[in-house]
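1. Mind folding the following:
(one chain, ligands or ions: 2)
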Amino acid sequence: MGEAGESPEPERPAWSPGSWRAWPAAQQPEWPDADALETALDRLRRLPPLVFAGEARALSASLAAVADGKAVLLQAGDCAESFDFSANAIRDKLRVILQMAVVMTYGSGVPVVKVGRIAGQFAKPRSSATEIRDGVELPSFRGHIVNAPGFSAEARQADPNRLVDAYHQSAAALNLLRAFTKGGFADLHQVHAWNQEFVAASPEGLTYEVIANEIERALRFMAACGLDLGKESALHQVDFWTSHEALLLGWEEALTRQDSLTGDWYDCSAHLLWAGERTRDPDGAHIEFLSGIHNPVGVKLGPSTTAEEAVALCGRLDPQRRPGRLVLIARMGAGRVRGALPPLVRAVRGAGHPVAWACDPMHGNTYTSPNGYKTRNFEDVMEEIRGYFAVHRAEGSWPGGIHVELTGDNVTECLGGSDEVRSDHLVERYETMCDPRLNARQSLDLAFQVAELLRS
Ligand code: PEP
Ligand code: CO
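-> Ligands and ions are numbered 1, 2, ... in the order given. Prediction:
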């Protein structure tokens with residue numbers, strides 16, 4: 001309740017999965033055919049949930065440990081997944097995330113909570129609703145869940161059938177991820193096998209091999225001491241969670257279900273959902289939607305975020321101040337994090353919200369190279385992470401984790417790193433659907449440096 005002089009919070013109508021419709025919804029596509037959209041959403045409402053509410057609760061418990069300084073979050077994957085997907089691409093992405101997690105766990109001695117931007121990360125916010133090429137104006141590409149990237153009127157028309165296709169692709173990807181992570185691929189005894197050939201001979205690959213050898217020795221040692229390692233499920237399986245930006249609210253609403261055990265509502269499209277920098281208005285539809293689901297939720301915070309906004313978002317999303325509910329993902333830019341982050345950390349702590357903090361060192365460091373590619377420099381990415389850690393160290397808060405865009409492939413999308421991708425290399429393997437991603441070597445390099453920062 002407000003003190004004298006403070007204006008009281010206006011009453012909000014009760015939350016329901018569709019209550020977001022009463023609030024302004026940024027970044028929604030224009031669907032040309034309302035009936036076709038309704039048919040697709042109706043189909044989605046009748047399809048089984050992709051994840052189970054109990055899993056979302058388990059992730060909340062792990063994130064509570066992150067908020068409490070006892071674990072680290074690694075959230076990673078594509079900027080935008082493509083409908084053109086393959087088992088190999090999923091395996092290779094999982095592989096590099098498992099490698100990074102091993103490096104970070106080994107280096108820091110704390111558990112790593114592994115969350116993919118995967119199995120549903122399809123929809124993209126755009127800075128402009130339309131794109132103009134040679135005088136022709138068409139709707140922007142908004143991700144394969146909405147339209148196609150080709151520059152023609154047909155490709156760019158929003159197609160509701162894609163909503164249903166996105167569900168099926170998410171289900172297939174999730175099925176494979178569950179198989180890999182529970183069926184032996186993620187077994188710690190496979191730690192060497194995660195090193196892909198093209199990485200193995202690189203400096204990062206060789207440093208990784210040293211850790212893998214030590215882990216192998218430790219496993220042999222424990223077995224020699226008489227421990228029955230076969231019984232230790234933690235050595236053979238990992239928990240790997242899914243996440244995406246909750247951007248297309250109709251899609252998210254259609255996959256939101258009431259948990260039969262607790263009666264609470266969960267968005268069963270993924271374990272964790274987040275609001276982006278462009279859709280985090282505390283009085284907007286996205287925050288209204290996220291406020292009522294019981295999954296853990298994230299919010300991106302860019303450099304213009306004020307302390308008041310950060311506290312308002314915490315109030316909307318975590319009024320009960322529950323550890324594990326809210327992840328605040330700072331994406332400030334290498335040059336701004338040291339100035340922009342401290343007031344937010346202080347204000348959120350002052351308001352008593354036990355959030356997990358994370359650093360997205362990608363989205364504040366994007367620029368266009370002289371030869372016309374949207375790119376990021378690995379040094380800027382690392383500089384933002386160093387600044388982020390320095391802020392938390394100075395504030396006495398736990399740095400929480402990192403949120404990165406990567407792929408397991410040998411792409412050339414981000415500049416720098418020890419393989420020295422230069423701007424004239426970008427043309428070689430520039431394959432992203434949206435933002436430039438770290439390749440496997442750059443990702444591993446980043447993990448080593450983050451482990452070092454966690455240790456000091
Ligand atoms: C993203 O995560 O791909 C994204 C669009 O980020 P942000 O909302 O921080 O700009
Ligand atoms: Co992105």
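2. Give me the buried positions along the lowest-mean-pLDDT helix or strand in the chain.
-> Least confident helix or strand of the chain, by mean pLDDT, DSSP states H and E, is helix 197-200 with a mean of 91. Buried residues in helix 197-200, counted by 16 or more other C-beta atoms under 10 Å: residue 199. C-beta here means a position set from N, CA and C on the backbone, and glycine is covered the same way.
3. residues contacting the residue of the chain found nearest ligand 1?
-> Closest to ligand 1 within the chain is residue 276: 2.8 Å, counting by C-beta to the nearest ligand atom. Counting by C-beta atoms under 8 Å, 6 or more residues apart in numbering, residue 276 touches 27, 125, 245, 247, 300.
4. okay, these in a markdown table with neighbour count, secondary structure and distance to residue 394 next?
-> Listed next are those as a markdown table, based on neighbours: other C-beta atoms under 10 Å; DSSP: H, G, I helix; E, B strand; the rest coil; distance: C-beta to C-beta, whole Å:
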| residue | neighbour count | secondary structure | distance to residue 394 |
| --- | --- | --- | --- |
| 27 | 20 | coil | 35 |
| 125 | 18 | coil | 32 |
| 245 | 28 | strand | 30 |
| 247 | 28 | coil | 34 |
| 300 | 23 | strand | 22 |
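5. Now the phi/psi pair for the closest residue to residue 258 other than its chain neighbours, please.
-> Nearest non-adjacent residue to residue 258, counting by C-beta to C-beta, 6 or more residues apart in numbering: residue 265, 5.6 Å away. With angles defined as degrees, to the nearest 10, residue 265 sits at phi -90, psi 140.
6. secondary structure element for the residue in the stretch 251-400 of the chain positioned nearest to ligand 2?
-> For the stretch 251-400 of the chain, the residue closest to ligand 2 is residue 363, as judged by C-beta to the ion, at 5.8 Å. According to DSSP states H and E, residue 363 maps onto no helix or strand at all.
7. What residues does the spatially closest residue to it that is not a sequence neighbour make contact with?
-> Leaving out its chain neighbours, the residue that sits closest to residue 363 by C-beta to C-beta, 6+ apart is residue 331, at 4.3 Å. Applying C-beta under 8 Å, 6+ apart to residue 331 gives the contacts 277, 300, 301, 302, 359, 360, 361, 362, 363, 364, 403.
8. What spatial separation is found between residue 331 and residue 245?
-> Distance, residue 331 to residue 245, using C-beta to C-beta, to the nearest Å: 12 Å.
9. Please identify the buried residues of stretch 259-277?
-> Within stretch 259-277, the residues scored as buried using 16+ other C-beta under 10 Å are 259, 265-277.
10. Run the chain-centre distance for that stretch.
-> How far stretch 259-277 lies from its chain's middle: 15 Å, per C-alpha atoms, centre = their mean, to the nearest Å.
11. re earlier: find me the pLDDT at the residue nearest to residue 363, would you?
-> pLDDT for residue 331: 98.
12. Just to be sure, residue 57 is in a strand?
-> No: assigned with DSSP: H, G, I helix; E, B strand; the rest coil, residue 57 falls outside any strand and is helix.
13. How much space separates it from ligand 2?
-> Distance, residue 57 to ligand 2, using C-beta to the ion, to the nearest Å: 28 Å.
14. Pull the contacting residues for the residue lying closest to that residue once chain neighbours are set aside.
-> Distances taken as C-beta to C-beta, 6+ apart put residue 294 closest to residue 57, at 7.7 Å, once the chain neighbours are dropped. Residues in contact with residue 294 (C-beta under 8 Å, 6+ apart) are 53, 56, 57, 259, 262, 264, 265, 266.
15. give me every residue that touches the second one.
-> In this case it means residue 56. If a contact means C-beta under 8 Å, 6+ apart, then residue 56 has 266, 271, 272, 294, 295, 296 as its contacts.
16. switch to 7 Å and redo it
-> Counting by C-beta atoms under 7 Å, 6 or more residues apart in numbering, residue 56 touches 266, 271, 294, 295, 296.
17. what's the farthest-apart pair in those residues?
-> Spatially, the most separated pair among the contacts of residue 56 is 271 and 294, at 11.4 Å (C-beta to C-beta).
18. can you list the residues of this protein near ligand 2?
-> 79, 435 (C-beta under 5 Å from the ion).
19. ok, now with 8 Å
-> Applying C-beta under 8 Å from the ion, we find that the chain lies next to ligand 2 at 79, 80, 124, 362, 363, 366, 405, 434, 435.
20. Next one, pLDDT for the last one please.
-> This means residue 435. Looking at residue 435, its pLDDT is 97.
21. Number of residues surrounding the single nearest residue of the stretch 101-250 of the chain relative to ligand 2?
-> Using C-beta to the ion, residue 124 is the residue of the stretch 101-250 of the chain that sits closest to ligand 2, at 7.4 Å. A count of nearby residues for residue 124, using other C-beta atoms under 10 Å, gives 21.
22. State the pLDDT value of it.
-> pLDDT at residue 124 comes out at 98.
23. Thanks a lot, catch you later.
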